[in-house]
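Chemist: Please find the sequence and the predicted model below.
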Amino acid sequence: MKVRMGRVLLSALVLVAAVACSARGGTGSGATPSSPSISVSFDINKCKSATPGPIELPSSGPALTDDTGCAVENPELVKKVYHELEIGDYDALMKYGGDRGLWNEERQPELLSQPDVRAKVMKSMTVHPHCDGGCVYPGFTTTGWDTELARSDAKALGVDPAAIPDPTVQIPVYTSFFPDCACDWLGVGPPKI
C-alpha cells in the first residue's frame with residue numbers, strides 16, 4: 001500500500017511539477033562524463049526550442065537539456081534555483097513556489113535548511129531531467145531505466161541501477177520539481193527506499 005501511494009504521489013507530482021518540453025523522437029548524439037559513447041534520440045521538430053541543446057552534462061551547474069535532447073523551458077529559473085540552493089538562501093527558495101507554494105510545504109523548511117540536503121539536490125540537478133508536462137530532476141525517477149542515458153545519469157549520481165529495479169518506486173536520490181508553466185519551482189522530494 002505504501003509503495004502504491006508513493007508511486008501515485010510521484011505520478012501526481014510529475015503531472016503537476018516541472019518544465020514542459022514536448023520533445024520526443026529523431027536522431028542526435030552526445031556524451032556524458034560517465035559514458036562517452038551514449039547515443040540519444042530526439043526530433044528537433046518536436047522541441048519547443050529551435051534546435052535541441054547538447055546532451056552532454058554540464059561541467060558545473062544544472063543540466064539544462066532534458067533526457068530527449070530538448071532545452072528545458074525556463075533555463076534561467078533552473079539556474080536561479082540551483083544558485084539559491086548553492087548559497088543556501090532559504091527565503092529565496094521558498095518564494096520560487098509562486099502562487100501554488102512549494103509541494104509538501106510543511107517538509108520544505110526542514111529539507112532546505114540542511115546544507116547536505118541542498119548539496120544532494122544540486123547534485124541531482126546536474127543530470128538530465130525528464131520533461132513531460134513539467135520537469136523532474138533527475139529524469140530516471142519518473143522514467144525508470146528506460147534508456148542507457150538514464151542508467152548513465154544514475155551512475156553519475158552514484159546510484160547502481162542493478163541495485164534498484166524500479167527508481168520510480170524506490171527513489172534513490174533527492175528530486176527537484178518544476179511545473180509545466182516554467183514559472184516557478186515546486187521544491188524537493190526526499191529519497192524513498
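Modeler: Good, I have the coordinates.
Chemist: Now Tyr137: phi and psi?
Modeler: Phi and psi for Tyr137, reported as degrees, to the nearest 10, are phi -100, psi 130.
Chemist: and it, bridged to which residues?
Modeler: Assessed by DSSP bridges, Tyr137 has beta-bridge partners Ser176.
Chemist: ok, now which ones touch it?
Modeler: Going by C-beta atoms under 8 Å, 6 or more residues apart in numbering, Tyr137 touches 62-63, 124-125, 127, 129, 175-177. No exception for glycine: its C-beta is placed from N, CA and C like everyone else's.
Chemist: At which residues are the strands of this structure located?
Modeler: Here the chain has its strands, by DSSP state E, at 28-29, 39-40, 130-131, 134-137, 175-179, 187-189.
Chemist: Output the longest one in CSV with nothing but the alpha carbons.
Modeler: Pointing back at strand 175-179 there. What follows is strand 175-179, C-alpha atoms only, in CSV (Å, rounded to 0.1, in the frame of the first residue of the first chain):
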residue,chain,number,x,y,z
THR,A,175,14.3,15.1,-6.6
SER,A,176,13.5,18.6,-7.8
PHE,A,177,10.3,19.7,-9.5
PHE,A,178,9.5,22.4,-12.0
PRO,A,179,5.8,22.8,-13.2
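Chemist: So which elements touch it?
Modeler: Other elements packing on strand 175-179 under the criterion 3 or more C-beta pairs under 8 Å, 6 or more residues apart in numbering; DSSP states H and E are helix 2-16, helix 75-87, helix 115-124, strand 134-137, strand 187-189.
Chemist: what does the third one give?
Modeler: If contacts are counted by 3+ C-beta pairs under 8 Å, 6+ apart, strand 130-131 sits against helix 140-143.
Chemist: and for the helix it packs on, what are the contacting residues?
Modeler: Surrounding helix 140-143, the residues in contact under the criterion C-beta under 8 Å, 6+ apart are 10, 14, 67, 130, 132, 136, 146, 150-151, 153-154, 167-168, 171, 173, 175.
Chemist: try 7 Å this time
Modeler: Here helix 140-143 makes contact (C-beta atoms under 7 Å, 6 or more residues apart in numbering) with 14, 67, 130, 136, 150, 153-154, 167-168, 171, 175.
Chemist: Relative to Gln114, which of the residues you listed is nearest.
Modeler: Thr175 (15.5 Å; C-beta to C-beta).
Chemist: how near is the nearest residue in space to that closest one that is not next to it in sequence to Ser60?
Modeler: Excluding the flanking residues, the one nearest Thr175 by C-beta to C-beta, 6 or more residues apart in numbering is Gly189, at 4.3 Å. Distance of Gly189 to Ser60, given as C-beta to C-beta, to the nearest Å: 24 Å.
Chemist: Could you do Pro165 as well?
Modeler: Separation of Pro165 from Ser60 (C-beta to C-beta): 32 Å.
Chemist: surely Trp73 meets Ala182?
Modeler: Small correction: residue 73 is Glu, not Trp. Yes - using C-beta atoms under 7 Å, Glu73 and Ala182 qualify as a contacting pair, with a distance of 3.6 Å.
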